[in-house]
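Visitor: curious how this folds, go ahead:
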Amino acid sequence: MGPDPRGGDRLSAAREALAAAESAASASGLRSAAPEQSEPDPHAIARKIVLRQLAMGPRTRRQLEDKLRDRGCEPQVAARVLDRMGEVGLVDDEAYAEMFVRSKQETKGLAAGALRHELRAKGLSDEVVDAALEEIDPEHEKEQARALVARRLRTMRGLDRDVQTRRLAAFLARKGYGPGVAYQVVREALDELPEHLRD
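Guide: Numbering: from 1, shown residues only. This is a model prediction of the structure:
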C-alpha cells in the first residue's frame, strides 16, 4: 500500500517516525557514545534531514543520499542512517516504485517506456524498475492510450487525417507508448470519426 497522500498525516507520521528512529538509534548504538561532547551528533542530523524530506513526499534511497551529500553528510553516516530507515520501512525503493507506477498511470496515463525512464532517473535499479513494471497489463495500457487519444482528438477536429495521425502518435510517444500500440490506437480512433468515414 502506498504512503498516505495527505500532507498533514504524512508530516505527523514522519514526526512519530522521527521519535521512533531516535529511540531505536539510541538502542542500536547509532548515537554518539560520548554525551559530554557539545557537537551535534551527525547521525541525528542526518535522520532529521531524511525525515523532513519524507514528510514532504516519498523519496528513493538515491534521492535521499543526494540530499544528504548536498548537506555535507559523510557517506558512511548517510549509509548507516538510510540502512536503519530501510529496516523500519521508511525508505523502501520497491514500494516507492510500485506507488509511482500506479500514480503516474492514473494521473498522467504514462506507459511503461516513460515510467522506466522516470524511475531510472530517480536512481532506482533496473531490478526494482523491472519488478514494478511487471504489474502493468498491456491491455490496460492500450485502454489508457485510447482514452488519451479520445481526449486529445477533441482539440483536433477538422485537421487533415495525416496531421492528426502525426500529432497523436507523437503525443503517445511522449507518454511512453511504443509505435505499434500508438499507431494502432490512433488508426482505430480516426476510423471511427464521422469526418473520416468512407461513403
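Visitor: which parts of stretch 179-187 are buried?
Guide: For stretch 179-187, burial by neighbour count (16 or more other CB atoms under 10 Å) applies to 181, 182, 185, 186. (Each C-beta comes from the backbone N, C-alpha and C, glycine too.)
Visitor: mind saving the C-alpha coords of that stretch as CSV?
Guide: Provided in CSV are the C-alpha atoms of stretch 179-187 (Å, rounded to 0.1, in the frame of the first residue of the first chain):
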residue,chain,number,x,y,z
PRO,A,179,5.0,2.8,-32.2
GLY,A,180,2.9,-0.4,-32.6
VAL,A,181,0.4,0.5,-29.9
ALA,A,182,0.4,4.2,-30.8
TYR,A,183,-0.4,3.8,-34.5
GLN,A,184,-3.0,1.0,-33.9
VAL,A,185,-4.9,3.1,-31.3
VAL,A,186,-4.7,6.3,-33.5
ARG,A,187,-5.8,4.5,-36.6
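Visitor: next one: stretch 162-170 to chain centre, how far?
Guide: On the basis of CA atoms, centre = their mean, to the nearest Å, stretch 162-170 sits 29 Å off its chain's mean C-alpha point.
Visitor: actually stretch 126-137, not the one I typed
Guide: Distance of stretch 126-137 from its chain centroid, counting by CA atoms, centre = their mean, is 12 Å.
Visitor: run through who's touching it.
Guide: Residues outside stretch 126-137 that contact it (CB atoms under 8 Å, 6 or more residues apart in numbering) are 93-94, 97-98, 100-101, 105, 111-112, 115-116, 119-120.
Visitor: what's the neighbour count on residue 173?
Guide: By other CB atoms under 10 Å, the residues close to residue 173 number 15.
Visitor: how far away is it from residue 57?
Guide: 28 Å (CB to CB, to the nearest Å).
Visitor: for residue 81, same thing?
Guide: 19 Å.
Visitor: between the two, who's got more neighbours?
Guide: Shown here are residue 81 and residue 57; by other CB under 10 Å, residue 81 has more neighbours (27 against 11).
Visitor: please, where are all the helices along the chain?
Guide: With DSSP state H as the criterion, the chain has helices at 7-28, 42-56, 61-70, 75-87, 93-108, 112-121, 126-133, 138-153, 161-174, 179-191.
Visitor: among those helices, which is the most enclosed?
Guide: Compared across those, helix 42-56 shows the largest average neighbour count, a mean of 19 (mean count of other CB atoms under 10 Å).
Visitor: what about that helix, distance to the chain center?
Guide: In terms of CA atoms, centre = their mean, the centre of helix 42-56 is found 20 Å from the chain centre.
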